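Asker: Have a look; sequence and predicted model below, questions after that.
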Amino acid sequence: MILFRKIRSWISSLAIACILSLIIGVFVIQPYRVDGHSMDPTLHDRQRLLVSKLSHTFSYYPDYGDIVIIDSRVDRKRGFVDDVLENPLIQLLTNKDDRAFYVKRVIGKPGDVLEIKAGNVYRNGEPLDEPYIKEAMNNYTVGRWEVPANHIFVMGDNRNHSEDSRAIGFIPLNHVIGKKVL
């Protein structure tokens, strides 16, 4: 009988720890690993980060220049189930490796007009000071975008080797998974 109580106590403690881990991972903070070189030189392949999910939980916009984790599948709706399934504990249990999540920098918010001319990015007619980029963009890269409501525009710091809003389009606010904190 005493052994049964001890086992039950251990199981209940583990269950509480798992539930707290899920809640924290879904709503507050989550570890993330960089996959690729699109954020060089700021972040490197396989570097680990901690991501604050508060902006996602409370649906507020990240600031210009913030490094964010995005769900690049912008053509599909996201829901609470997605947030739960993306939790590291669930991914560990299911052995899921999803490469749809990108690390990028916020360049534009709703209403901004972004242009790329002669290898430089302009926001609302003003050139951006971007000391964090790896190298100047190729001169053949040009474009003009107006960011719609409830969306952001993101780019990698390694502009010549980044799949970002120039290719996948505007990022819906609910596809911004979180903001880099460490």
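Answerer: Ah, there it is.
Asker: residues contacting the residue nearest the centre of the chain?
Answerer: By C-alpha atoms, centre = their mean, the chain has its centre lying nearest to I69, at 0.7 Å. By C-beta atoms under 8 Å, 6 or more residues apart in numbering, the contact set of I69 is 32, 51, 101-103, 176-180. Heads up, the C-betas are built off the backbone N, CA and C, glycines and all.
Asker: mind listing what whatever helix or strand I152 lives in pairs with, with the direction of each?
Answerer: In the assignment (DSSP states H and E), I152 maps to strand 151-155. Paired strands of strand 151-155, with direction, are strand 101-108 (antiparallel), strand 171-172 (antiparallel) (DSSP bridges).
Asker: All the helices of this protein, residue numbers only.
Answerer: 2-27, 54-57, 80-85, 88-94, 165-168 (DSSP state H).
Asker: Need the winner for burial among the strands paired with strand 151-155.
Answerer: Using mean count of other C-beta atoms under 10 Å, the stretch among the strands paired with strand 151-155 with the greatest mean number of neighbours is strand 101-108 (a mean of 23).
Asker: How far off centre is it?
Answerer: Chain-centre distance of strand 101-108: 7 Å, with C-alpha atoms, centre = their mean, to the nearest Å.
Asker: among the helices and strands of this protein, which has the poorest mean pLDDT?
Answerer: Least confident element among the helices and strands of the chain, by mean pLDDT, DSSP states H and E: helix 88-94 (a mean of 63).
Asker: If anything else comes up later, I'll come back, but that's it for now.
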